[in-house]
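Visitor: the amino acid sequence is not available; the structure is as follows:
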C-alpha cells in the first residue's frame, strides 16, 4: 500500500512529464528494459537462423535507435533449448547474436544467457535479468514453438501428476507467467514453428492464453517474412502506435475479467495515458480504482474513454514556434515545456487553436541549445481535455 501511495503521489505531482515522442510514435522518455527469450529446440530445425536474423533486425533497426532519445534502452538475451550450445557455436547464428550485442553497444542489461531449458525457465531467467534494470517498462518477448499448446483446453484444468510431463509443463508455465505478471512484467508471445503457414495446426485457445499470461500473441512459420515479424514487434516497443482504440483499452484494463484494475493492467493504462489516449480525468479514476481495489463497474469509465488524439501541426522559425491543433472542439491550448531530466522550464496557455511561443524560458531568457519535450494539451469549451500530444523539440541557435 505504501508503494502504491508513493506512485500515486508521483502521478499527482506530474508523472505526465515522462511522455516523449520519437518520430510519429509516442514513447515513454525514460528507460525501458527488454529481454528476448529465444527457444532453440530441435523442433525449430533450420528455422533458428531466420529467428535470430529477425531478432537481430529488430534490435538494430527498432530498439537500438530509441536509445538515442531521452531514455536508455536496455536489452538482455536468453537462449534456451536442447540445441542452445550448438546454435551459439554456429557461424551464421553467432553472427546474428554478435550483431545484436554490437548494435546495443553498452546499452544492455546482460549478455547472452543459457540458464534455461524450457519456456518457464526462460521466463524466470528473464525476470532475474529485468530485476537488475531500472526501466519504467519491463518487457519479455518470448519466442517458442507451439505457444498455445501449453494452454490446451483439455489439460489446463487437470492437476499436475507424476509422469504427465505436458501437464506439468503447463502448470510450470502458468506459474512463471503469474510470477512475471505479479512483478509488473509484460510478456509478448511469438509462436515460431518448422511448419509452413498453411500447415500450422488450428489454434482455438489464444483468448485464454492472452487473459492469463501475455499481452499479445502472434504466430510465425518458417516461410514468414521478416517484415511481418517487425510489424508485430513495433507494436511492442512503441506502445503509442496502436493504443488509442476504445475497445482495446477496456479489454486490457480488465484482462483477467475480475472487475478490478490489477497492477499489470494499471501500468498498461499508464501507457495509454502517456500516449495521449486517455485524458487526465479518466486516468485518475483508474488510479483510484487501482489503489483502493474498487470494482471497475462502479465507475463511469465506459463513457469516458478517449479516442485517438486530434492531429497537431508544428511550424518553426528562427525566433518562434507555432502550435496549431486541428480539432473543431478545441477552444484553448496549454503548452508545457520540459527538459529531458523532467524539469518544467516554461508553460503558457492561449485561447483558440493556435499558440505562439518565442523560444524564451519562464524567466524571459533565450532557450539554450538542446533537446526538449513539449506537451501540448487542447481543451474544450468547459476546460475538458480534447487531446494531449508530446513533441520532441531540438533548439540550435
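Guide: Perfect, I can see it now. Predicted, not measured: the structure shown is a model, and the values here were computed from it.

Visitor: what's the first helix or strand after the helix or strand in which residue 179 is found?
Guide: Element membership for residue 179, per DSSP states H and E: helix 165-182. Downstream of helix 165-182, the next assigned helix or strand under DSSP H and E is strand 186-192.

Visitor: state the mean pLDDT of that following strand.
Guide: Over the span of strand 186-192, the pLDDT mean works out to 70.

Visitor: what is it packed up against?
Guide: Helices and strands touching strand 186-192, by 3 or more CB pairs under 8 Å, 6 or more residues apart in numbering; DSSP states H and E, are strand 137-144, helix 165-182, strand 216-220, helix 226-237. Bear in mind the C-beta positions are built from the backbone N, C-alpha and C, glycine included.

Visitor: quick check: angle from that strand to strand 137-144?
Guide: Strand 186-192 runs at 20 degrees relative to strand 137-144, counting by axes from the mean of the first three to the mean of the last three CA atoms, to 10 degrees.

Visitor: and strand 186-192, which strands flank it?
Guide: In the sheet, strand 186-192 lines up against strand 137-144 (parallel), strand 216-220 (parallel) (DSSP bridges).

Visitor: residue contacts, the nearest residue to residue 295 once chain neighbours are set aside?
Guide: Excluding its sequence neighbours, the residue lying closest to residue 295 (CB to CB, 6 or more residues apart in numbering) is residue 259, at 4.6 Å. Taking CB atoms under 8 Å, 6 or more residues apart in numbering as the contact definition, residue 259 lies against 295-297.

Visitor: with those residues in mind, which one is nearest to residue 176?
Guide: residue 296 (27.1 Å; CB to CB).

Visitor: surely that closest one touches residue 258?
Guide: No: the criterion here is CB atoms under 8 Å, and residue 296 misses it with residue 258 at 9.1 Å.

Visitor: comparing these two, which shows the higher neighbour count?
Guide: Counted by other CB atoms under 10 Å, residue 296 and residue 258 do not tie: residue 296 has more neighbours, with 18 against 11.

Visitor: leaving out the residues flanking it, which one is nearest to the more buried one?
Guide: Closest residue in space to residue 296, ignoring its immediate chain neighbours: residue 259 at 5.2 Å, by CB to CB, 6+ apart.

Visitor: okay, that neighbour and residue 293: tell me how far apart.
Guide: Distance of residue 259 to residue 293, computed by CB to CB, to the nearest Å: 10 Å.

Visitor: got any ranges where the stretch 151-300 of the chain has weak pLDDT?
Guide: Scanning the stretch 151-300 of the chain for pLDDT under 70 picks out 151-170, 184, 191-253, 255-256, 268, 271-280, 300.

Visitor: what do you get if the cut-off is 50, keeping everything else the same?
Guide: For the stretch 151-300 of the chain, the stretches flagged by pLDDT under 50 are 151-158, 196-211, 222-224, 238-248.

Visitor: right, and residue 36 touches residue 77 too?
Guide: Yes: counting by CB under 8 Å, residue 77 is a contact partner of residue 36 at 5.0 Å.

Visitor: overlap in contacts of those two?
Guide: Counting by CB under 8 Å, 6+ apart, the residues touching both residue 36 and residue 77 are residue 55.

Visitor: quick one: which of the contacts of residue 259 is nearest to residue 267?
Guide: residue 296 (15.9 Å).

Visitor: so how far is residue 263 from residue 139?
Guide: Using CB to CB, we find residue 139 at a distance of 15 Å from residue 263.

Visitor: mind checking which of these two has more residues around it?
Guide: Remark: of residue 139 and residue 263, residue 139 carries more neighbours, 21 against 15, as counted by other CB under 10 Å.

Visitor: so the more buried one touches residue 183, yeah?
Guide: No: using CB under 8 Å, residue 139 is not in contact with residue 183; the gap is 11.9 Å.
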